[in-house]
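The sequence and its predicted three-dimensional model are supplied below.
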Amino acid sequence: MAYCKVKQAEIYYEDIGEGKPIVMIHGFSPDHRLMKGCMEPIFTERDGWRRIYIDLPGMGRTKNYQDINSSDDMLKAVCEFIQSVIPDEDYIIVGESYGGYITRGIIKKDAERVQGAAFICPVILPNPEDRTVGAHHILKKDEAFLSKLSNEEAEDFSNHQVVLDEYNWSRYKDEVLSGCMVVDEKVLLKVKERYAFSFDVDQEDFLKPSLFLMGRQDSIVGYKDALDVMEKYPRGTFATLDVAGHNLQIEQSDLFSHLVHEWLDRVEGEKN
C-alpha cells in the first residue's frame, strides 16, 4: 500500500507480487477493491506478475485531486502514475467499465509499452445517450435471501445485478458498493461534464493480445458497441456472456477466470 504523487493527484495503489507489471483500473465510482476482488484469485494459480491496483482520482483513498476536471485529466494522471511507478518498462493493463475507456486512452498515448489489454464491460461510447443498451432484467433471484436485506440494500442490489443471491450480494457489497460509499461525488460530477476525451481513440490497430468481456444483460454500457471496435483489435477475443450484467466478473466468475487465464497465456506466449 503506497501513494504516488503526480501533478494532479496523490494516487493510492496496492503493489502485489513480482514480475511483469499488470496495471488494474476500476470503473467510475468504485475503487481498487473491485479489481482486486476479481483479479487476485487468478494469481493464486500463476506466478511472475506484479499486480498494481490503483484508486482513480475522486475515488477510494487517492488524495489531492482538486485539479481533476475531465477524463483527459484523469488519463494524464494515470499515465504519469504509470511512468513514475514502472518507468520505461513494458506492462499490460486491465480496465473495467470507465477504466476500460481510460485503458483505450493509455493505449493511444503509450502503445509501444502496452503488451496486452483486457476490458471488462468497457465504456466504448462516453455519452450514455449514444450507447446501444437494453432494459435491465433480473434473471435469477433467491427470494429467501433477499428478504434478509434492508429495503435500501435490496433496491440497490436489484438495480445493479441480474443474479440476486447471497454469493453475488457478498461480493457486490465488498468489491463494488464499498468503494461507491466513499466516492467524492463533486469531483465525479465535474468529470461527467467532460467525460469524453478531447481526442479519438481506437484510430490505430492494437496488435497485442487483448480480451473484451461483455455482459449480455449489461444495461449500463451494453455489449453491441464493443463489437464495433473489433477490427481495431486483431489479436482480440470478444466474448459476450449470458446471465451477466455490468458486474459480470461476479455473476460469471468461473467463466471470467477461465477467459482471463487464456488471455494471460497468450500474453506470456508473446515472450517466446
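That came through fine. Numbering: from 1, shown residues only.

Centre-most residue in the chain?
E96 (1.4 Å; Cα atoms, centre = their mean).

For M214, see how far away M230 is.
11 Å (Cβ to Cβ, to the nearest Å). Just so you know, the C-beta spots here come from the backbone N, C-alpha and C atoms, and that holds for glycine as well.

any shared contact partners between these two?
In terms of Cβ atoms under 8 Å, 6 or more residues apart in numbering, M230 and M214 are both contacted by the residues F238.

quick one, which of the two is more surrounded?
The residue with more neighbours, out of M230 and M214, is M214; 24 against 11, by other Cβ atoms under 10 Å.

is the more buried one in a bridge, and if so with what?
Here M214 sits in beta bridges with T240, going by DSSP bridges.

so it makes contact with V229?
No: if you go by Cβ atoms under 8 Å, M214 and V229 don't touch, sitting 11.5 Å apart.

returning to that earlier point: how about the nearest residue to the residue nearest to the centre of the chain, chain neighbours excluded?
Spatially, and ignoring its direct neighbours in sequence, E96 is nearest to I120 (4.1 Å; Cβ to Cβ, 6 or more residues apart in numbering).

Contacts only, for that neighbour.
Neighbouring residues of I120 by Cβ under 8 Å, 6+ apart: 38, 94-97, 99-100, 213, 248-249, 256.

how about CSV for the residues you listed, with secondary structure added?
Shown next, in CSV, are the contacts of I120 (DSSP: H, G, I helix; E, B strand; the rest coil):
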residue, secondary structure
C38, helix
V94, strand
G95, strand
E96, strand
S97, coil
G99, helix
G100, helix
L213, strand
L248, helix
Q249, helix
F256, helix
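
and of those, the nearest to G116?
V94 (9.1 Å; Cβ to Cβ).

now the residue nearest to the closest one when sequence neighbours are not counted: how far from P57?
With Cβ to Cβ, 6+ apart as the measure, A118 is the residue that lies nearest to V94, at 4.5 Å, once sequence neighbours are left out. Note on A118: its distance to P57, by Cβ to Cβ, is 22 Å.

R194 now?
Distance from R194 to P57, by Cβ to Cβ: 14 Å.

If you count surrounding residues, which of the two has more?
Neighbour count, other Cβ under 10 Å: between R194 and P57, P57 has more, with 28 against 15.

Run through the residues that contact the more buried one.
By Cβ under 8 Å, 6+ apart, P57 lies in contact with 8-9, 11, 65, 68, 73-74, 77, 187.

Relative to R235, which of these is nearest.
Closest approach between the contacts of P57 and R235, by Cβ to Cβ: M74, at 26.5 Å.

can you map out the helices along the protein?
Per DSSP state H, the chain carries helices over the ranges 32-39, 71-85, 98-110, 143-146, 151-160, 166-171, 178-180, 185-193, 224-227, 248-251, 253-269.

out of these, which comes closest to V201?
Each of the helices of the chain has some distance to V201 by Cβ to Cβ; the shortest is helix 98-110, at 4.3 Å.

just how off-centre is the closest one within its chain?
11 Å (Cα atoms, centre = their mean, to the nearest Å).

How about stretch 258-266?
16 Å.

Now it - C-alpha only, CSV.
What follows is stretch 258-266, C-alpha atoms only, in CSV (Å, rounded to 0.1, in the frame of the first residue of the first chain):
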residue,chain,number,x,y,z
HIS,A,258,-11.0,-19.0,-17.5
LEU,A,259,-11.1,-16.3,-20.1
VAL,A,260,-8.6,-14.1,-18.2
HIS,A,261,-6.2,-17.1,-17.8
GLU,A,262,-6.4,-17.7,-21.5
TRP,A,263,-5.6,-14.1,-22.3
LEU,A,264,-2.6,-14.2,-19.9
ASP,A,265,-1.5,-17.4,-21.6
ARG,A,266,-1.5,-15.5,-24.9
